[in-house]
Every structure is written in structure tokens, then in C-alpha cells.
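Visitor: With the sequence up front, the predicted model follows.
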Amino acid sequence: MLIHVAENGQSFELECQSMTIVEVVQNCLVSLTGIPVHDQMLICGDARLESQRSLGSYKLPSEGRHVFLFNRSRLVADCPPPPLEDPEIVVAVLPAAPSSVHGGHPLDEASDPALKALPSYKRQFKYHFQKGHAIFTASQMRLDTCRRLLREQQVQEMALETACGNINFYYKIIDHAFSDFLKHFGRQHKQHSDLLVNFERYLERLKACKLHPSLQSETRKSLLDCVKQASLRKWAEDCAFSHKQFGAKVTELKIVYVDLQHNVQSLFSLLPVVNLQDLEDTIEDHVRFTEEQASIIQSLSKDVNTVKKLVDDCVSSQFSTSLRPHDAVSALGPMYDVHDKSHLPRIEACDFELQSLLEYCKKSKNAMNLCIHTRLQNVAALQSNIRDMRNQLAVFKEAMARQDEIFQELKKVRRVGPSYKACLAEVVRRRAHMKLYMGQAGQLAEKLARKREVEVGRREEFLRFQSMYIPREVLQAMGLFEVPSQCVVNIAPFDTNLLDIDISDLERYAPESLVGRLPKASGPDFNMKGMSHSLSDSGFQSGGGSDVSRDAGDGEDLEASEEIVDDEIAGTSKLEVENAWLKSELASAVAMLCNLDPDFELEEGEGDNQDPERGGGEAERLGEVHTAAQRTAEALHLKDEYAKHLHSMLAMRQAQCGSYEKRIRELEQRLAEQHMQLQKFASVEDHQNDHDQNHEQTGGNAQEKQADSSETSGLTGTSTVRMQSGLGLSEPMDEGVTSNAQASSSTSVVGQTDFISTQRGAGKEAGDETMSDISGTKHIEEARIVQMPREEQGADVVRVDAVHITVRPQGYVADKDVEQTEAFLRERKDELSALQISLEEKVSLLAATDERLKAALVEIDQLHAELNGNADMLSECQMNCAHLENRLHDAREEARTNLCASDRRAAEYNALRASSVRLRGLMERLRSCITAPVGNPSSFADSLRSLAGSLSSVSMNDTGEDNEFRTAIRILADRVGNLVQQRAELMERCTVAETNQARLNKEFENQTEMLKTLYSKRKSDKQASQEKICFTRFDVHGLAVFLPNANGYYEAMNHNCPHYYLSGESIALFQEQGLPSGTPYIVGQIVHIDCKVANLAPSPCLSSSSTSDGSPTGSEHGSTMAVQTHSTRANLNPYGLPLGTEFFVVTVAMVPDLFPATFT
């Protein structure tokens, strides 16, 4: 199975079976592509391969189906683009140019300069061939690389088409779902909008419709009083808000879907960035460069063989006088110029063209990689959008169903009026049904009573007739005096509590405006199922009482009795029963029309796509309407077809009737002609009878004989003519049979005429001259016209039974003529019997022949069918033979091609085998040299050198592979020697480096410990200063720094809070402990903060006055008061601040571990 990687266009062929699990294939692809299993996505057509399923479930493996591997990690939106591909550039390995100084060739020591030039030409030609062959090999590899890049791009294009086809498949599904949603939403939105707009109208209708007087009460006058108006209005407001909000959400969804549709169309409308067809044509066009190079290489090879042959000839005949080396040199000169100026530059130019093609293919491949990356990301984004749209559609469908539930209450308001009218119509229907039921029961009772009267009359008549012969006691003992009992139909009254309304009262109590305009019944979608159901259930027909079966024997008696009986039960007449049935059906139709949903609009396919979550009753009713509409349409179609059939039959019957009328007129005309002939025959017969009466005594015996002969002879005799076949008519209007009958009639008449004329001629030959004036008379012995009925056509056929024509002489009868006539008749009779016997034999023979003919026809048909089958088989065999010949020819061509290929491969195999045997020997020597035990690495280098020397001394074939192997061994020996020398130097350097490393490690550890100590100390000091000393606000137990100001007071360093001064006790404490010399600040831990306000000191007079409690005043306390005044002034404003300024006196304690140098 071939698997294509969409990311880079690579293809991998795996050996798989139909039972192979997809997960096994994914695990194999991990090692081939490096894509993890969770990032693999296998797609075949429109199907995505699941890990747990087998390949056979997807009809894989298959030659015609492609499987594409997509990397999920590359489909992420923020995934970087793939790196640029840089296929390995093939560089032609050119051989070294031959040097000008050479030795060792036999011609190098020749005295003739022309002979010395031949080895140089050989070396130059060989160099040209090797150089051209190297360039040609590189060009071939470049062309193969271009083709590989083209195949990868074609695979990427197919992968992109597969991805686009997959997105198109899911887009069609979501497009169909969205279209259905919009269709249902449009219908629902229209219905709900109509409900909200007409809500007040519905209420006005209910208010305008007054209830039936029997249904009215103090609190219930109209239909509006039957509903809760306030709650309905509140519900309508909620429905309007929900309707508006849902419409806005659907509008947003439409915008999102339009964006999705635009993105999908944009994806499908994108053109490919690379025209692969043009690229393929370009590559195929560049094949000619490799072909040109191959031809040049072939020419160079021939030139090399030529110069080698010349050199060998010169060496073998160096001292021969017949060889002219100057001619050889003069011939090689132009060849060298062609190589140097034409062949080699042309090969290089072709290689340059292929190199440019490779660069173009690389650019095309990178552009295709970027295009695939971008478009697959777009496809993944579109798939995500389609999935989101599908989820949103599911949510919106649920919301739409919720909208239907919300508006169900408003629909009930609209259904109040139709329901009220339907109830009134049901009342009318039940009242009419009660009358119909009673009337049909009365009709049944009347029919049974009439049957009883008929039976009683029959029994009385029987007894009256039989009692004349049998005693009445015996008849009574037989039980023949009993009579049928009376049939009493007694029905208990029902539906007595119905309203007293009729069909005419419906429009008064429930007008049409209450339910709106009713649907037209003539439309094709009008559902008459309920009405047809009621019609079929009622079992009433206008004939009256058709549901009661009648006996075939007394049907006429019942009809007669119905005509006689005039007194009927009240309400049982046909007219009353039919009126009751019509009222019932009309009321049923009105109720059914009121139950129809006015918002229902039957659409195409709606009956098949009903939402299963809708109400059961509504769905069932819609289904019934759809079914009824379909049946109505089918019935109308069948009616139209049947009407067309009837019209065609009518036209055919009219044409047939026209032909019948024409034929009848022809028959009438023929009958008229035959009637005229019969009248003529009758006149002749009358004349003949008169003639017979006159000659009765004279020619009695002869007349009797002639009469007997004439009676026994008919048309087949001498003078009797039977007109049955000639004048008989065939079946009516049968033109074919009629024409045959006419033909037979004309033939028989012609035969009769000929026979009569022959008989007259025979009479004339007798020599009776008296017969010349009057030829004879015609005697009609019998002429009957019989009408025969035809059962098939129902018509009469007029047939003339027999017409006997007798020719007699006028005046007397001659005995000679009679004898001649009798002899002639006997001969005719014998001939007739012989003909009849012959006819019967011919008929039997004809029947046997007919049977054989039928059997032969059947056999011919079988042979014909067999012949056709054999002809088909022959044509099929011919086609198969032609196909086999084509296959055989192809097989021969293929075998010939395979034979050539096998020969070529055998030659290549032999060459490769010889080369491999030689190389195997060299490798064995190398392996023995490598695996030999050595004391140190230098001995291994010496062994390699000795091997290279032995290879140089051994006589081997002068081939490029041997030279390369010998050179490689020599280079390997040199490099191993260098490595051994470098290893010794490195070992010495490693020893010195290890000593220095140990010393440096020790010093490094010491320095590290010291740095760690200093760093930890510095870090602790810095952390203490940052965490404890505060410069923005002061709290108890915090650290503060105090500096002396211009007045000599220690003021705290603070950015936000000024006028913080150090108390005198704290200053004295630090001075007692002794501040370090040169330290201008004090750092301490805050113990107490005293807040004060700068104020003036009180006046002396106030201070010296006595208080109200009699404290001492006067001069005896003068000195004390002065001291207190000075101290109070110092305490109230000790720092010389403005009046009213708030200041703080801070008391601190010493911090023993804090170094003053830390804060400088």
C-alpha cells in the first residue's frame, strides 16, 4: 500500500493485508517519517482511517486509492512555516589534468617528435573522456533530483485536492443543515410575528363574540371572559422580547455563516502557485541535454579507443618503415581541437542548463511547501469553523424548539374562536346524527314490516289452497298456522342535553370572522379525509336503506310494496333522512375546518422531514394532510388518465361506427339488388308453373324424371343454384370476411352462368330449331331467405338458402335431350364423388403436411435460436482470439525486451562480480593487516605502509578502482602515522594539563570559600539595611537615621514625614556610649514617638494669679514661677518651629550589631 506524506510529498510503500490494523501502519510510519502516532491523520478519499479498524473496512489496500498522511502539529495556526528544502547539490568530481612531464612510456624515448606526441594525445583524450563522464554523471543525478522534486509536488497537489474534497464534503452537509434551519426558522418567524402583530385583534374577536344565551352568566358574557387576559398580555410581552432576541441571534449566525461560506469559496477559488504541467514539460524538454551529453561521451570514448589503437600500433611497429607517425599526429590534432573547443564546452553548457533547472525546481518545491502549509492550515481552520457551526446549529435548533414551546400559549388564544365554533358544529352534528339514527331505524322497521306482510300473505295463500285437500287440524298439527312476530325497534333517547341550535345558527353565534377565512376546499392540498371518513362511516346513500341487504327473490315485491304503502313513520322518509345526513356531514366538515392550523403551509418534502421533537398531535395531523394531498393528486392524475383513455376509446368507437354505417349502407344496397333478382325469379317461376299445368297430361313421366333429377341436383348439378355461400352475409361490419363472401358469391354466380350457357349450347347442338327463338325458361323451385342470429355480434345474417334454376324447352320435351341430360348428370355425379374422395384425401394429406410443417417450423426456430447462440459464441471467440493475439504479441515484445535487459544485466553482473572478487581480495589483505596483533599504534601504521608498498609492487590490472584503493591505503597509512604522533603529543600535554588543573582546582576552592563568606556577609548587611531602616514612614521597633541640622538638632531622614527629632535622652545615651569619630549620624531602633504642637508659653500674670481653689499666690513663689515659665517655653517649642506646626520627638535605642560604615 502506497502512503503519501502531505507535508513534504514523500511516498512510502508498505506491505499490508486487508486484515492489517491501522494502528500497525501508524507505528511503522513513525520510524519512516518521524511523525508521532497522536499527530498522524490518515485520509483516504472522504474517509478518515481510525486506529482500531482494519484496512479491509476501508477497501484497502487498493491500487486505485491513495492514502495521505497529514501532520496535526503542522495544522495549528501558530505553527511556523517549514524550513526551506536544500537538496544535496551534486558536484562533479573532475579528474586531475595530466602533467606535461611523463615517463615510463616506450614512445617517450623515441627520437621522432611525432612519436613522442602520441602518448601525450592518449593522456589528453583519456582526461577529456573522464572529465566528460564525471560531468555527465552529475547531470544525470541533477535530472533525477528534478524528477523527484516534481513527483513530490504532484503528491502534495493530490494531498491538497484530497483535503479540499474532504472540506467540501463536510461543507455540503453543513450547508444543507443550515438551509433547512433557515427554512424552518423563516416559517416559525413568520408565524410568531403574525401572532404578536394580531394578538390584540384576536382579543377583540373574542370580545366581540357573545356566548350562546344558554352559556352566558354574570361573569361570562363573551369568549374573552373564558381566558385570563392579564396573564396573556404579560406572556405576550415576554414572547415579543424572546422573539426579538432570538431573531438578533439568528442574524449574527447568518453573518458567521456568510463569513464561513466566503472563506470556503475563497479556498476553492485559489489557483495553484506552481504549474506542475509546465514544470513537467520543462523537465522533459531538458532531457535532450542529457541525451546530447551521452552522444558526446560516446564520441569521446570512440576517440580514446582510436588514439589507444594508434599508440599500440606505433609501439608494436616502432622500427617499421611502413608506418607514418606524422599522419597519425596530424589526424589527432583536429580531434583534440574538437574535444577542447566543442565537446567539453558543450557538456559543461548542458550541465549548466540542468543546474539552472535544479535551482528552479528547488524554488518551486519550496513555494509548494509553503503553499501546502498555508492552505492546510486554512483547511484545518475551516474544519474547526464548520464543527463550531454544526454545534451552534444544534443549539439554535433547541432554542427554536423552545420558542415553539413559549409561543404555544399565544397559539391557544388564536385557537379559542375556532374551537368554540367547532364545538357548536359538533352539537349540530350530534343532533343531526340523532335524527339520522332514528330515521334509519324507522326505515329498517318499515322494511321488516313489509317483509312480514309479504310472508303472511304467502302463508295465507298456501293454507287456502292446501286446506281444500288436507284437513285444517292436520295442518295445525304441522304448525303451519303460525305467523311471523312483529319487529319492534325501540331506541332510548340520547343527547338530550345538547344546545337547541341548527346549522343555520352557526354563523350567528360563531361568525366566520371569529376563525378567519377558511381554506378553499377546491385546492389540491385541502384535506377531505375527515369528510370522506364520515361519508364512508355513515353508510347512507340517496337510494335509502342500501346498508340493509335485500334478497334477490323478493326485491321486486319489496319495491312494489314500497310503491303501494303510503303511510310512513314520521321522520323516516327518504328526504328527511337525507337532510339529516347532509346536516351531519356539513357540521362535521365545519368542525374539521375549524381544527385546521391556519399557519400550516404544506411544502415539498415536509411530510418526510418532520421534526420528531414537535408535538405528537400536530405532527400526526400534518402527516395526514400530506398523505391526503398525495392521494388526492394521485386520484386526479388517474382521473385525467382515465378521461384521456375514454376519449380515445370514444374516438375509436366513433370511427368504427362510421365504418359500420358505411358497411350497412352497402349491405342494404346489395339486399335491394338481391330482392330485385328474387322478384324476377318469382315471375319466372309463376310462368313456369302455368306452363307445367298446360302440359301436365302429355309430359307427366318425363316431367317427374326431370323433377327428380332437378331436385337431387343443386348448384353442383345442371341447373340448380344454391345461393347460400354467395348470398349469405358474414359477420356484421367485418370488411375482410365480407369481401371474401363477395368474392365467393361472384365466383359462384359466374360458375352458374357458365354452366347455364353450356347447357344452352348443348341444347342448340341437338338441332332443335324451335329452341332458337325462346332459349328456355327458368324455374325457381326454392328460394328462401333465412335470418340467422349471431351470438357474437348480436346481429342477423340474411342468407338465401337455395336457388334452383332449371332450363326447360318451350313447347315439348325431347327424349333424347332427357337422356343426354341424365347421362351428363350421372357423369357429373361420379366426377363429384371422385372429387370429394380426392378432396378428403388431400385434406388429410394437407393436415399431416400441416403438422409436419408446424414441427419443422418449431425445429427451425430452435435451430435459428441455436444458430444465433453459436453466432454470438463465434463472435465472442473471435474477439477472444484477437485479444489473445494482441496479448501474445505484447508478451513476445515484453519477453524480447526482458531478454535484452537480462543480457545487459548479466554482462553488468559479470563485470561487477569480477570487480567484487578483486576488491574482496584487497579487503581481505586489509582486514588481515588491521586485525593483526600489534604492540603499539605505530606498528599499525608501519603495517599499512608495508601493505601499500606490496600493492604497488604486485602486478595488478591498471584500473581506476585499483589505483584508488592503493592511493587510499597509502593515505590511510600516512594519516594513521600522523594520528600516532599527535596522540603522543596529546598524552604529554594531558599530563601537564592534569597537574595544572589540580593546582588550579585547589586555588579555586579557596577563593570560592572566601567569596562565599564575603558574599553572605555583604548580603546579610544589605538585607538588614533594606529591611529595617525606613526612609518613608516610622513605626515602633523600626530603624531610623538621624542627622544634625543647621540648628544642631538631630532630625530624622524621611522623604514624606518631616519634623521628626531625636529626644535628648537618646542623644545623651549615644554620647555616653561614644560615637565613632567622624560619624555625622545616629542609627537606632525606635522605642517611642511623642507627637507635639509648637505653641507660645503662658503670660506671667496669669501664672501668678490664684486659682479658685485657694492655691498660694504672690511673691513667695516668684522664683519658682520663673523657672517653670522658662521650662514650659522650652518644652512647647524647643526646635523653633512656626506656631501650630506638629513635630515628633523620637526615643531610640542602640543597635549593637549595626556598623556605622554600612550607611555611608
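Guide: On my side now, so go ahead. Everything quoted here is computed from the prediction, not taken from an experiment.
Visitor: Low-confidence bits of the stretch 951-1100 of the chain, can you list those?
Guide: Residue ranges of the stretch 951-1100 of the chain with pLDDT under 70: 951-962, 1020-1032, 1055, 1074-1079, 1096-1100.
Visitor: What ranges does it have for its strands?
Guide: If you assign secondary structure with DSSP state E, counting those that start in this stretch, the strands in the stretch 951-1100 of the chain sit at 1039-1044, 1050-1052, 1060-1062, 1082-1093.
Visitor: Would you format those as a markdown table with distance to Gln154 included?
Guide: All C-beta atoms are positioned from the backbone trio N, CA, C, and that covers glycine. What follows is the strands of the stretch 951-1100 of the chain, written out as a markdown table (distance: least, Cβ to Cβ, whole Å):
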| stretch | distance to Gln154 |
| --- | --- |
| strand 1039-1044 | 80 |
| strand 1050-1052 | 85 |
| strand 1060-1062 | 86 |
| strand 1082-1093 | 84 |
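Visitor: right, and those - which one's nearest Asp39?
Guide: Proximity to Asp39, assessed across the strands of the stretch 951-1100 of the chain by Cβ to Cβ, is greatest for strand 1039-1044 (60.9 Å).
Visitor: List the contacts of Asp942.
Guide: Under the criterion of Cβ atoms under 8 Å, 6 or more residues apart in numbering, Asp942 has no neighbours.
Visitor: Need phi/psi at it.
Guide: Dihedral angles phi and psi of Asp942 (degrees, to the nearest 10) take the values phi -60, psi -40.
Visitor: List the contacts of stretch 148-167.
Guide: Stretch 148-167 has contacts (Cβ under 8 Å, 6+ apart) with 4-6, 8-11, 43, 45-46, 66, 68, 70, 87, 264, 267-268, 272, 274, 276, 279-280, 283, 361-362, 364-365, 368-369, 371-372, 375-376, 379, 382-383, 386.
Visitor: Restricted to strands, list the residues you listed.
Guide: Counting by DSSP state E, the part of these found in strands is 4-5, 11, 43, 68, 70.
Visitor: List only buried entries from the contacts of stretch 148-167.
Guide: For the contacts of stretch 148-167, a burial check counting by 16 or more other Cβ atoms under 10 Å picks out 4-6, 8-10, 43, 66, 68, 70, 264, 267, 274, 279, 283, 361-362, 364-365, 368-369, 371-372, 375-376, 379, 382-383, 386.
Visitor: In helices only, show me those residues.
Guide: Among the buried ones among the contacts of stretch 148-167, DSSP state H puts 264, 267, 279, 283, 361-362, 364-365, 368-369, 371-372, 375-376, 379, 382-383, 386 in helices.
Visitor: who's in contact with Phe181?
Guide: Under the criterion of Cβ under 8 Å, 6+ apart, the contact list for Phe181 reads 393, 396-397, 400.
Visitor: Mind picking the one among the residues you listed that's closest to Cys209?
Guide: For the contacts of Phe181, with Cys209 as the reference and Cβ to Cβ as the criterion, the closest is Met400, at 32.8 Å.
Visitor: Beyond the helix or strand hosting the closest one, next helix or strand please.
Guide: Assigned by DSSP states H and E, Met400 belongs to helix 344-406. Towards the C-terminus, the helix or strand next in line after helix 344-406, according to DSSP H and E, is helix 408-466.
Visitor: From the contact counts, what lies against that next one?
Guide: Helix 408-466 is packed against helix 113-197, helix 199-208, helix 229-269, helix 506-509, helix 512-515, helix 555-564, helix 574-595, with contacts defined by 3 or more Cβ pairs under 8 Å, 6 or more residues apart in numbering; DSSP states H and E.
Visitor: What is the third one packed up against?
Guide: Of the remaining helices and strands, those touching helix 229-269 by 3+ Cβ pairs under 8 Å, 6+ apart are helix 113-197, helix 199-208, helix 344-406, helix 408-466.
Visitor: Report the distance from that helix to the chain centre.
Guide: Using Cα atoms, centre = their mean, to the nearest Å, the distance from the centre of helix 229-269 to the centre of the chain it belongs to is 29 Å.
Visitor: try the first one
Guide: From the chain centre to the centre of helix 113-197 is a distance of 27 Å (Cα atoms, centre = their mean).
Visitor: quick one: average pLDDT of it?
Guide: For helix 113-197, mean pLDDT rounds to 90.
Visitor: Just want the angle from it to helix 344-406.
Guide: Calculated by axes from the mean of the first three to the mean of the last three Cα atoms, to 10 degrees, helix 113-197 forms an angle of 10 degrees with helix 344-406.
Visitor: Please apply the same query to the last one.
Guide: With the same axes, to 10 degrees as the criterion, the two stretches helix 574-595 and helix 344-406 enclose an angle of 120 degrees.
Visitor: pLDDT (mean, whole number) over helix 574-595?
Guide: Across helix 574-595, the per-residue pLDDT values average to 82.
Visitor: Which strands or helices does it pack on?
Guide: With contacts taken as 3+ Cβ pairs under 8 Å, 6+ apart, helix 574-595 sits against helix 408-466, helix 529-538.
Visitor: Check the burial of Phe289 by counting its neighbours.
Guide: For Phe289, the neighbour count with other Cβ atoms under 10 Å is 21.
Visitor: can you check His1059 too?
Guide: Applying the criterion other Cβ under 10 Å, we find 17 residues in the vicinity of His1059.
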